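K.L.:
fold the following for me, if possible:
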Amino acid sequence: MRSEHRLHPASFLFGIGAQLRSMALPLIVVVFSAGSAGLGWQVWLLFALVPYTIVAIGRTLTFRYRYDEHELVIRTGFLFRNERHVPYARIQNVDCVQTVFHRLLKVVDVKVQTAGSNEPEATMSVLRVAEFEQMRRRVFEGRREAALESAAEAQAGEAPSAPQARTLLALSPKDLLTYGFVEGRGMVVIAAIFGLVWEFGMADSFVPTFDSGTPPLPNRGAFRSLARSIYSRTGDLFTSLAAAAATIVALLVVVRLVSMVWAMLRLHGFTLTRQGDDLRTEYGLLTRVAATIPLRRIQTLTLREGPLHRLVGRISARVDTAGGEAGQNAPPDRQWLAPIVERRDLPGLLTQVLPVLSIDRLEWQPVHPGALRRILRKSLLVSLLICLPLARRYDWWGLSALLVLIPWSVVNARWSAAALGWVVTDELVAFRSGWFWRQTTVAPFARVQAVTFHESPFDRRSHMAGVRVDTAGAGDLSHRVAIPYLGRDDAQRLWRHVAHEAARRSFRWS
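P.N.:
All right, here's what the predicted structure looks like:
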């Protein structure tokens, strides 16, 4: 039998740590409640970690893997033994994550993924860095050899040579700060801090109450004063509005600053390289991530830009892939092609990923002219629903909000309808939407799995229909090629054309 390899001896510690992270919030509540009420039965809940510890130690002792000529073999279990054979040719990704604690011990978490499952074929927590590099080398050499054999190129006896890696994108600190500024991810961190302050009543001692004589409650500062001025009709409403506006501006500034710090920590040293038919991303300061995306697994490409992106001439690009942790199960940052890239550099980058795509040469087609009317109706209905509670409280003064909401609905409907567009080329179908946050999704015909023609009752009344293109790996929240508000005849022609083009191409899952 070939030599087998084990996990790192400290693997069980990381297994316990993973369970602690999943139980972090309950443990915090237990500790705080036990501290305030005296040590009691709550503390005994901590002994629930004992079974996890036993399981983690058992997993570390029983996990084995070895490299056979054409496959990776993984053995697990003591009482119930499992042996999994994963051919090198089926392995799509060998990804790793390395936190600060991993780096102290020079180890990594490894995930081996294939195209046939939404979960990793194997999660190895943890391996030494040298063992991870050996695994990547053995797996990708095995993939190349299998590809040469299937193409009958290995008969000449030539040893396969590893292709040279080319750097397609490297983000500088300036790029990362720009990304953090335009994305505004800091709200997540601020919301978490705010939630802790609320939950544990940390602000009760220094914030004013809603009304005098009532018990102290966590406050919202300017927003609470504004609510009191509106609903109790006391105090200076305009002063409260000014204070609320100043608070919003200050919050937006803080969010941008926190987001910029987050981007520097999360995406430090982001590089995108291509080696043969594989893309590889590496990034992270505290938690280092290395992920591989085989080009043949890419199902759709999505470009995203907001108003700040357009202001600084940048755009973001991501991909959805088949199998592995695809779609909604995938961490969003694992599918990044380019978190941010200059617009002038985008065509050259996309040429390396989808050679059939010439983004600057796409001739976009508009949707049905009646789309404006239908979008406007929806916007007006939302405006009316917003004004009804105000009208009930303030009578005719509440309806005065319609003087602002109706013009806004008209502008929003006009711009939203103008932003919708679709295009079909010899090799792909694409769809774009959104005027504030613009998103464009491209799906090659060779990746299309299903094409749907759909009509709602409102569509039939307006003689319209829609066409939806489904691919492998797209999550429920992904921006899809789902084209609405087409004329019924146009929708049928598009539906038949895309279905025909997809059917006559050979679909390859991996």
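K.L.:
now the helix or strand harbouring R392: buried residues?
P.N.:
Taking DSSP states H and E as the criterion, R392 maps to helix 371-394. The neighbour-count check on helix 371-394 (16 or more other CB atoms under 10 Å) flags A371, L372, R374, I375, L376, S379, L380, S383, C387, L390, A391 as buried. C-betas here are computed from N, CA, C, even on glycine.
K.L.:
pLDDT and distance to V182 added to these, as CSV?
P.N.:
Shown next, in CSV, are the buried residues of helix 371-394 (pLDDT from 0 to 100; distance: CB to CB, whole Å):
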residue, pLDDT, distance to V182
A371, 95, 29
L372, 95, 29
R374, 95, 31
I375, 95, 26
L376, 94, 30
S379, 90, 26
L380, 90, 31
S383, 85, 29
C387, 81, 33
L390, 73, 34
A391, 73, 38
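K.L.:
from the residues you listed, which single one is nearest A499?
P.N.:
Closest approach to A499 among the buried residues of helix 371-394 (CB to CB): A371, at 23.4 Å.
K.L.:
surely that closest one meets G421?
P.N.:
No: with contacts counted by CB atoms under 8 Å, A371 stays clear of G421, the gap being 11.0 Å.
K.L.:
would JSON lines of the buried residues of helix 371-394 with distance to H5 be doable?
P.N.:
Shown next, in JSON lines, are the buried residues of helix 371-394 (distance: CB to CB, whole Å):
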{"residue": "A371", "distance to H5": "59"}
{"residue": "L372", "distance to H5": "63"}
{"residue": "R374", "distance to H5": "61"}
{"residue": "I375", "distance to H5": "59"}
{"residue": "L376", "distance to H5": "64"}
{"residue": "S379", "distance to H5": "61"}
{"residue": "L380", "distance to H5": "65"}
{"residue": "S383", "distance to H5": "64"}
{"residue": "C387", "distance to H5": "67"}
{"residue": "L390", "distance to H5": "67"}
{"residue": "A391", "distance to H5": "71"}
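K.L.:
for T471, grab the count of nearby residues.
P.N.:
Neighbour count for T471, taken as other CB atoms under 10 Å: 25.
K.L.:
how near is it to R297?
P.N.:
From T471 across to R297, the span is 11 Å (CB to CB, to the nearest Å).
K.L.:
now for those two: what residues contact both?
P.N.:
Common contacts of T471 and R297 (CB atoms under 8 Å, 6 or more residues apart in numbering): A322.
K.L.:
which strands and helices sit next to the stretch of helix or strand E145 belongs to?
P.N.:
Using DSSP H and E, E145 sits within helix 129-150. Judged by 3 or more CB pairs under 8 Å, 6 or more residues apart in numbering; DSSP states H and E, helix 129-150 is in contact with strand 71-76, strand 91-98, strand 107-114.
K.L.:
quick check: next helix or strand after that helix?
P.N.:
Per DSSP H and E, the first helix or strand lying C-terminal to helix 129-150 is strand 165-170.
K.L.:
tell me the mean pLDDT for the helix or strand following that following strand?
P.N.:
Next helix or strand after strand 165-170 toward the C-terminus (DSSP H and E): helix 173-183. Across helix 173-183, pLDDT averages out at 93.
K.L.:
do stretch 70-83 as well
P.N.:
Per-residue pLDDT over stretch 70-83 has a mean of 85.
K.L.:
same check, this time on stretch 254-272
P.N.:
For stretch 254-272, the per-residue pLDDT averages 91.
K.L.:
put the alpha carbons of that stretch into CSV.
P.N.:
What follows is stretch 254-272, C-alpha atoms only, in CSV (Å, rounded to 0.1, in the frame of the first residue of the first chain):
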residue,chain,number,x,y,z
VAL,A,254,-17.9,56.3,9.5
VAL,A,255,-19.3,53.5,7.3
ARG,A,256,-16.9,54.5,4.4
LEU,A,257,-13.9,54.6,6.8
VAL,A,258,-14.7,51.3,8.3
SER,A,259,-15.3,49.8,4.9
MET,A,260,-11.9,51.0,3.7
VAL,A,261,-10.2,49.4,6.7
TRP,A,262,-12.2,46.2,6.1
ALA,A,263,-11.1,46.1,2.4
MET,A,264,-7.4,46.5,3.4
LEU,A,265,-7.6,43.6,5.9
ARG,A,266,-9.8,41.3,3.8
LEU,A,267,-8.3,41.8,0.4
HIS,A,268,-4.7,42.6,1.2
GLY,A,269,-2.4,41.5,-1.6
PHE,A,270,-5.2,40.4,-3.9
THR,A,271,-3.8,38.8,-7.1
LEU,A,272,-5.4,37.0,-9.9
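K.L.:
what comes into contact with that stretch?
P.N.:
With CB under 8 Å, 6+ apart as the contact definition, stretch 254-272 has outside contacts at 167-171, 173, 176-177, 179-181, 183-187, 189-190, 279-287, 333, 337-339.
K.L.:
just to revisit the earlier point, got the helices and strands packed on helix 129-150 as CSV, with mean neighbour count and distance to T60 columns?
P.N.:
Listed next are these as CSV, based on neighbours: other CB atoms under 10 Å; distance: least, CB to CB, whole Å:
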stretch, mean neighbour count, distance to T60
strand 71-76, 18, 11
strand 91-98, 23, 18
strand 107-114, 23, 12
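K.L.:
which elements pack onto the helix holding R392?
P.N.:
The contact analysis (3+ CB pairs under 8 Å, 6+ apart) places helix 371-394 against helix 396-399, helix 402-419, strand 481-487.
K.L.:
would you confirm that L376 contacts V411?
P.N.:
No: counting by CB under 8 Å, L376 does not reach V411; the two are 10.1 Å apart.
K.L.:
how about the nearest residue to R59 once chain neighbours are set aside, what does it touch?
P.N.:
With sequence-adjacent residues excluded and distances taken as CB to CB, 6 or more residues apart in numbering, R59 is closest to G15, at 6.5 Å. By CB under 8 Å, 6+ apart, the contact set of G15 is Y52, V55, A56, R59, T60, S125.
K.L.:
A strand includes G15, no?
P.N.:
No: counting by DSSP: H, G, I helix; E, B strand; the rest coil, G15 is not found in a strand; it is helix.
K.L.:
residue numbering should commence at 4 henceforth.
P.N.:
Got it, first residue is 4 now, which makes that one G18.
K.L.:
how far away is it from V129?
P.N.:
Here the criterion is CB to CB. By it, G18 lies 9 Å from V129.
K.L.:
likewise E136?
P.N.:
Distance, E136 to V129, by CB to CB: 14 Å.
K.L.:
comparing these two, which shows the higher neighbour count?
P.N.:
V129 (28 against 13).
K.L.:
verify the stated contact: the more buried one with K109.
P.N.:
No: at 9.8 Å, V129 and K109 do not qualify as touching, with contact defined as CB under 8 Å.
K.L.:
so where do the helices sit in the stretch 404-513 of the chain?
P.N.:
For the stretch 404-513 of the chain, the helices defined by DSSP state H, counting those that start in this stretch cover 405-422, 460-465, 491-506.
K.L.:
which one of the ones you listed lies closest to R147?
P.N.:
Minimum separation from R147 across the helices of the stretch 404-513 of the chain (CB to CB) falls at helix 491-506, 29.3 Å.
K.L.:
which parts of that closest one are buried?
P.N.:
Residues of helix 491-506 classed as buried by neighbour count (16+ other CB under 10 Å): R491, D493, A494, L497, W498, V501, A502, E504, A505.
K.L.:
same check, this time on stretch 310-326
P.N.:
Neighbour-count burial for stretch 310-326, counted by 16+ other CB under 10 Å, picks out H312, R317, I318, S319, A320, R321, V322, D323, T324, A325, G326.
K.L.:
beta partners for the third one?
P.N.:
According to DSSP bridges, V344 are recorded as the beta-bridge partners of I318.
K.L.:
mind checking how far the helix or strand that contains D323 is from the chain centre?
P.N.:
Taking DSSP H and E as the definition, D323 sits inside strand 317-324. In terms of CA atoms, centre = their mean, to the nearest Å, the centre of strand 317-324 is found 10 Å from the chain centre.
K.L.:
okay, the helices and strands packed on helix 132-153 in a markdown table with distance to V142 next?
P.N.:
Formatted as a markdown table, the helices and strands packed on helix 132-153 follow (distance: least, CB to CB, whole Å):
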| stretch | distance to V142 |
| --- | --- |
| strand 74-79 | 7 |
| strand 94-101 | 5 |
| strand 110-117 | 8 |
